[in-house]
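J.: sequence first, predicted coordinates after that:
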Amino acid sequence: MHGSCTAKVKTSTANVIDMHGSCTAKVKTSTANVIDMHGSCTAKVKTSTANVIDMHGSCTAKVKTSTANVIDMHGSCTAKVKTSTANVIDMHGSCTAKVKTSTANVIDMHGSCTAKVKTSTANVIDIHGSCTAKVKTSTANVIDMHGSCTAKVKTSTANVIDMHGSCTAKVKTSTANVIDMHGSCTAKVKTSTANVIDMHGSCTAKVKTSTANVIDMHGSCTAKVKTSTANVIDMHGSCTAKVKTSTANVIDMHGSCTAKVKTCTANVIDMHGSCTAKVKTSTANVIDMHGSCTAKVKTSTANVIDMHGSCTAKVKTCTANVIDMHGSCTAKVKTCTANVIDMHGSCTAKVKTSTANVIDMHGSCTAKVKTSTANVIDMHGSCTAKVKTSTANVIDMHGSCTAKVKTSTANVIDMHGSCTAKVKTSTANVIDMHGSCTAKVKTSTANVIDMHGSCTAKVKTSTANVIDMHGSCTAKVKTCTANVIDMHGSCTAKVKTSTANVIDMHGSCTAKVKTSTANVIDMHGSCTAKVKTSTANVIDMHGSCTAKVKTSTANAFNQFVKEMNTYFGKVPFNNFIALTW
């Protein structure tokens, strides 16, 4: 001991070694080691096992009723420990380490550092620059703070780890983890369970009265959470994640991203590029957005999943699912229950005031639904599905397809090739159209089923059934109840202002009916059946058949054939009747 030194030891095993300057070493009822103190040093130890090693400058090391290690303090240092197990190691500059009634570790503080711990288990490790680490009544870990750093923790379990630059980590009355903050970072947590991990750049993470996870923020990032359970994970670029009064998950945002959630349960996951995810007063899931993406949800239950390219998903006051959009996609849903699933290419899905399902659209697709219950499923190629004020099903359209439905209950199913299905003010079923098909229905109840080849089915102001047309087929029905069934070959079925049944036409067939009740049944070969202004039955014509009826009741025609058989025997009269007629 050199200078004006004092060494007092009572009832203990004590080692006070190499004290220089105006030094004081007092040890009572404990095993103490005070080693190599230089300058105006003071080492006081009471009723504990204490190690105070290598203090330089105007140093003070006081330990009471605890197991304490105060090692290598340089400059104007102070290390005070009371009623706890404390480790204060390697403090440089104007350092202060105070620990009360807790298990605390304050390690490697450089610059103008302060480490204060009260009534808690705290670890403050490797603080560089003008650093401050304060912990009260909690289990806290403040590790590796560089620059002008501040770590304050009150009444909580907090971890503040690896803060670089001008960093601030404040935690109150909560379980908080603030880990790896780089640049001008700020992490503040109040009355909540919060995790703020790996913030790089000019980052800010603030959490109040909630369970929040803010993980891996890079660039100029901001994560703010209030009164909610929020997860903001892996934000890269100029990112902003704000959550208020809700359960929110904002995960993996890359580029110039913004995620804002208010008063709702929201999941915004994996946003890449210049992304924006805003959710208000709803349960929303916005997952896997790539490119220049925007997902906005208000007052609804919405799912926007897997958007790639320049995507936009907006949902208001409804239950909406927008899933797997690729390319330059847009999904907008208002006041309805909507499902928009698996859109590829330059896709657009817009739904307003209706229950709509738009599923599996590929190519340059457009699905628009207004004020109706609509299902648009599996559209491939340059497809368009538009539904207004009706219950519509448009299913499995391939090629350059168009399905438009207005003010009606319509089913357009399995259209292949360059198909068009348009339905207005009617109950219509257009099913299984192949080739260059067109199905148009206006103001009627119409069924157009299984059209193959270059088919056209048009129905206006009537109840019509056009079923199973093969080849280059045309079925047109106006202002009548018509059934056109099973037409094969180059078939044409036209019905106007009448109740007509045209059934099972094979070959190059034509069935035309005007202003009458007509039945044209089972025509084979190159057949033609035309009926005008009469009640006619043309039944079971085979070969090169022609049946034309005008201004008459044609059931007498069948009676004439029966009488001719009486005179000439069982001779076919098809050709004869055609000539004599």
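T.: Yes, it's here. Residues are numbered from 1 along each chain as shown.

J.: helices along this structure, start to end?
T.: For the chain, the helices defined by DSSP state H cover 555-568, 574-580.

J.: hey, least reliable of those helices by pLDDT?
T.: Per-stretch averages of pLDDT across those put helix 574-580 at the bottom, with a mean of 43.

J.: rounded mean pLDDT for stretch 312-322, please.
T.: For stretch 312-322, the per-residue pLDDT averages 67.

J.: same thing with stretch 171-189?
T.: Regarding stretch 171-189, the rounded mean pLDDT is 70.

J.: how about Lys116, what does it touch?
T.: Counting by CB atoms under 8 Å, 6 or more residues apart in numbering, Lys116 touches 96-99, 133-135. Placement of C-beta: from N, CA and C, glycine included.

J.: out of the residues you listed, the closest to Met217 would be?
T.: Set against Met217, the nearest of those by CB to CB is Ala133 (21.6 Å).

J.: if I look at that closest one, how far off is Lys368?
T.: Applying CB to CB, to the nearest Å, the value for Ala133 to Lys368 is 58 Å.

J.: out of the two, which sits in the more crowded spot?
T.: Comparing Ala133 with Lys368 by other CB atoms under 10 Å, the one with more neighbours is Ala133, at 31 against 20.

J.: okay, now Lys10: neighbour count?
T.: 11.

J.: per-residue pLDDT, the residue lying closest to it once chain neighbours are set aside?
T.: Of all residues not flanking Lys10 in the chain, Lys28 sits nearest, at 4.7 Å (CB to CB, 6 or more residues apart in numbering). Lys28 is assigned a predicted lDDT (pLDDT) of 78.

J.: try Thr101
T.: So Thr101 comes in at 62 (pLDDT).

J.: same thing with Cys480?
T.: So, for Cys480, pLDDT stands at 59.

J.: the residue nearest to Lys10 - how many residues pack around it?
T.: Quick note: Lys28 (other CB under 10 Å) scores 17 neighbours.

J.: give me the beta-bridge partners of it?
T.: Lys10, Lys46 (DSSP bridges).

J.: next, find the distance separating it from Asp108.
T.: 29 Å.

J.: show me the contacts of Lys116 that map onto strands.
T.: Residues of the contacts of Lys116 located in strands (DSSP state E): 96-99, 133-135.

J.: will you turn these into CSV that also has distance to Ala205?
T.: Below are the ones in strands among the contacts of Lys116 laid out as CSV (distance: CB to CB, whole Å):
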residue, distance to Ala205
Thr96, 27
Ala97, 26
Lys98, 27
Val99, 27
Ala133, 17
Lys134, 18
Val135, 18
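
J.: Cys185: which of those residues is nearest?
T.: Using CB to CB, these come closest to Cys185 at Ala133, 14.8 Å.

J.: these two touch, right, the closest one and Ala115?
T.: Yes: between Ala133 and Ala115 there is a contact under CB atoms under 8 Å: 4.4 Å.

J.: narrow the contacts of Lys116 to just the buried residues.
T.: For the contacts of Lys116, a neighbour count by 16 or more other CB atoms under 10 Å gives the buried set as 96-99, 133-135.

J.: Asp126: which of those residues is nearest?
T.: Distances from Asp126 to these, taken by CB to CB, are shortest for Ala133, at 10.4 Å.

J.: and the closest one, how close does it get to Thr114?
T.: 7 Å.

J.: and for those two, which residues touch both?
T.: By CB under 8 Å, 6+ apart, no residue touches both Ala133 and Thr114.

J.: around Gly21, how many other residues sit close by?
T.: 18.

J.: Asn537 now?
T.: 18.

J.: partners of it in the sheet?
T.: Asn519.

J.: my read: Gly39 touches Ser58, true?
T.: Yes: using CB under 8 Å, Gly39 is in contact with Ser58, at 5.6 Å.

J.: which one's more surrounded, these two?
T.: Using other CB under 10 Å as the criterion, Gly39 and Ser58 rank with Gly39 on top: 19 against 16.

J.: roughly how far does Ala7 sit from Ser22?
T.: From Ala7 to Ser22 the distance is 13 Å (CB to CB).

J.: same question but for Asp360, I mixed them up
T.: Note on Asp360: its distance to Ser22, by CB to CB, is 84 Å.

J.: out of the two, which sits in the more crowded spot?
T.: Neighbours per residue, other CB under 10 Å: of Asp360 and Ser22, the larger number sits with Asp360, 19 against 15.

J.: from Ala313, how far out is that one?
T.: For Asp360, the distance to Ala313 - CB to CB - is 17 Å.

J.: break this structure down into its domains, please.
T.: 210-299, 311-419 (automatic domain parsing).

J.: end-to-end on the longest one?
T.: Separation of the first and last residues of domain 311-419 by CA to CA, to the nearest Å is 27 Å.

J.: then stretch 367-385?
T.: Terminal residues of stretch 367-385 are spaced 4 Å apart (CA to CA).

J.: bridging residues for Met73?
T.: Counting by DSSP bridges, the residues bridging with Met73 are Met55, Met91.

J.: apologies, that question was intended for Ala187.
T.: Going by DSSP bridges, Ala187 forms beta bridges with Ala169, Ala205.

J.: show me the contacts for His236.
T.: His236 neighbours (CB under 8 Å, 6+ apart): 216-219, 253-255, 257.

J.: taking those, tell me the two that lie furthest apart.
T.: Farthest-apart pair in the contacts of His236 is Asp216 and Gly255; separation 14.3 Å (CB to CB).

J.: ok, so of the ones in strands among the contacts of Lys116, who is nearest Ala547?
T.: Nearest to Ala547, judged by CB to CB, of these is Val135 at 99.5 Å.

J.: where does His56 fall, phi/psi-wise?
T.: For His56, the backbone dihedrals (degrees, to the nearest 10) come out as phi -120, psi 140.

J.: ok, now which ones touch it?
T.: By CB under 8 Å, 6+ apart, the residues touching His56 are 37-39, 73-75, 77.

J.: how far away is it from Gly165?
T.: For His56, the distance to Gly165 equals 28 Å [CB to CB].
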